[in-house]
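In: My questions concern the predicted model and sequence given below.
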Amino acid sequence: MKIYKKFLTTLVIFLICSGISYADDVKIGVSLETFNIDFVVRYKDAMTREAARLGAKFVVTDAENSQRKEKGRVDELISSNVDVLLVSPSDRFKVDDLIKKAKSANIPIVFIIRQPLPEAIAKYDKAWYIGTNSSESGRMQGEIMADYLKAHPEADKNHDGKIQYVIIQGQEVHQDTKPRAEFAVKALKDAGFELDELAHDVYTNWQRDNVIQVTNELLKNIDVEKIEAVFAHSEEIGLGVIHVLKSKGYNTGDKNKFIPIVCVDGSKEGLQAMANNEIIGTVLHDAETLGSTAVKFAVAVSEKKQLKYFNIDDRKFITVPYKKITPEHYQEYVK
């Protein structure tokens with residue numbers, strides 16, 4: 001919480017000191033990998049609101065998960081004389097061409113959502129990344145689950161002294177995937193729990209329809225009664241899992257047929273799932289702050305304002321912290 005307050009205070013100081021209050025002479029071009037993921041849409045909406053608040057011109061495009069289309073979108077944005085590029089790359093390991101395009105046009109490029117490798121960012125002095133620390137989200141997921149399991153020893157349904165768990169993930173190549181899983185498990189172990197993973201490498205591409213299909217396939221090989229905890233790497237994933245569990249009679253209000261699920265995002269649907277006692281908690285992946293920060297930073301870069309107020313690390317990364325959301329205080333986040 002202290003880190004989060006410090007971050008927000010820093011932004012306020014930046015706005016006061018740099019004079020960013022109106023930016024009608026700034027044109028921001030955005031390329032997003034897709035409009036079909038809830039988090040990306042919320043991020044886009046936050047950027048749109050912040051650009052409107054600052055008066056900046058704002059053009060956003062959908063690369064439709066295609067590198068070819070992404071390159072075309074970026075070319076079009078550069079040709080339209082944008083002052084700065086915000087790009088969520090379709091492949092975070094293949095951003096060199098995008099950086100070359102921006103560098104050739106002498107346009108700053110800020111990567112968002114998907115994290116390029118630091119060595120790629122280092123190739124251009126006007127390239128940065130705005131994102132989060134994925135290990136932090138995993139640790140918080142694990143802590144929420146640990147607190148629940150301590151308060152509900154009956155969650156160990158087979159009384160073997162171990163927690164049988166499943167991790168339902170997004171994309172194998174996403175920067176959040178491995179750290180989020182690793183640190184969730186580590187937090188549970190640090191809290192004194194012995195663990196037994198029931199399934200390995202369960203990926204869903206963040207899409208709810210895929211989650212439902214993958215979870216149904218998973219339950220053909222694993223008896224649902226054996227699952228004692230679920231880590232969902234997003235609320236889209238968590239909601240897909242809930243859909244399947246409900247079809248099996250779980251998480252519908254019967255305390256004897258409940259599987260604790262912890263998610264990441266803090267979306268409206270996720271908070272409603274918490275209100276319905278379908279999940280035990282989530283970790284706020286703050287699309288609102290990330291989106292507004294991206295636009296503020298883009299304006300600052302395009303106007304050559306001082307950037308020190310954004311706490312850029314030696315990799316040229318700007319990190320926005322996560323926050324735990326549990327049933328005790330989730331209403332603070334309901335809009």
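Out: Nice, I can see it.
In: Can I get the host helix or strand of residue 217 as PDB, trimmed to CA atoms?
Out: For residue 217, the element it lies in under DSSP states H and E is helix 208-221. Extracted as PDB, the C-alpha positions of helix 208-221 are listed here (Å, rounded to 0.1, in the frame of the first residue of the first chain):
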ATOM      1  CA  ARG A 208     -13.000 -17.600 -21.600                       C
ATOM      2  CA  ASP A 209     -14.200 -20.000 -24.300                       C
ATOM      3  CA  ASN A 210     -10.800 -21.600 -24.300                       C
ATOM      4  CA  VAL A 211     -10.800 -21.800 -20.500                       C
ATOM      5  CA  ILE A 212     -14.100 -23.600 -20.500                       C
ATOM      6  CA  GLN A 213     -12.900 -26.100 -23.100                       C
ATOM      7  CA  VAL A 214      -9.500 -26.600 -21.400                       C
ATOM      8  CA  THR A 215     -11.100 -27.000 -17.900                       C
ATOM      9  CA  ASN A 216     -13.700 -29.500 -19.200                       C
ATOM     10  CA  GLU A 217     -10.800 -31.500 -20.800                       C
ATOM     11  CA  LEU A 218      -8.900 -31.300 -17.500                       C
ATOM     12  CA  LEU A 219     -11.700 -32.700 -15.500                       C
ATOM     13  CA  LYS A 220     -11.900 -35.700 -17.700                       C
ATOM     14  CA  ASN A 221      -8.500 -36.700 -16.200                       C
END
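In: and that helix, what does it pack onto?
Out: Secondary-structure packing of helix 208-221 (3 or more C-beta pairs under 8 Å, 6 or more residues apart in numbering; DSSP states H and E): strand 162-169, strand 202-203, helix 235-247. Where you see a C-beta, it was placed from the backbone N, CA and C, and this is true even at glycine.
In: Go through those and name the closest to residue 330.
Out: helix 235-247 (12.3 Å; C-beta to C-beta).
In: how far out from the middle of the chain is the helix holding residue 217?
Out: Here the centre of helix 208-221 is set off from its chain's centre by 22 Å, with C-alpha atoms, centre = their mean, to the nearest Å.
In: same thing with stretch 294-313?
Out: Averaging C-alpha positions (C-alpha atoms, centre = their mean) puts stretch 294-313 21 Å from its chain's average.
In: what bridges to residue 169?
Out: Beta-bridge partners recorded for residue 169 (DSSP bridges): residue 203.
In: what's the burial count for it?
Out: A count of nearby residues for residue 169, using other C-beta atoms under 10 Å, gives 23.
In: isn't it right up against residue 200?
Out: No: look at residue 169 against residue 200 with C-beta atoms under 8 Å: they stay out of range, at 10.2 Å.
In: Identify each buried residue in the helix holding residue 217, please.
Out: For helix 208-221, a neighbour-count test (16 or more other C-beta atoms under 10 Å) marks 208, 210-212, 214-215, 218-219 as buried.
In: Equivalent analysis for stretch 140-156, please.
Out: 140-146, 148-149, 155-156.
In: swap in stretch 45-52?
Out: Buried, per 16+ other C-beta under 10 Å, within stretch 45-52: 46-47, 50-51.
In: could these go into a markdown table alongside pLDDT and secondary structure?
Out: Output for the buried residues of stretch 45-52, formatted as a markdown table (pLDDT from 0 to 100; DSSP: H, G, I helix; E, B strand; the rest coil):
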| residue | pLDDT | secondary structure |
| --- | --- | --- |
| 46 | 97 | helix |
| 47 | 98 | helix |
| 50 | 97 | helix |
| 51 | 96 | helix |
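In: Show me which of those is closest to residue 303.
Out: For these, the closest approach to residue 303 (C-beta to C-beta) belongs to residue 51, at 13.9 Å.
In: My read is that the closest one contacts residue 296, right?
Out: No: with contact taken as C-beta under 8 Å, residue 51 and residue 296 are classed as non-touching, separated by 9.8 Å.
In: what bridges to residue 232?
Out: With DSSP bridges as the rule, residue 232 is bridged to residue 168.
In: residues contacting the closest residue in space to residue 139 that isn't next to it in sequence?
Out: Excluding the flanking residues, the one nearest residue 139 by C-beta to C-beta, 6 or more residues apart in numbering is residue 183, at 4.4 Å. Shown in contact with residue 183 (C-beta atoms under 8 Å, 6 or more residues apart in numbering): 135-139, 141-142.
In: If anything else comes up later, I'll come back, but that's it for now.
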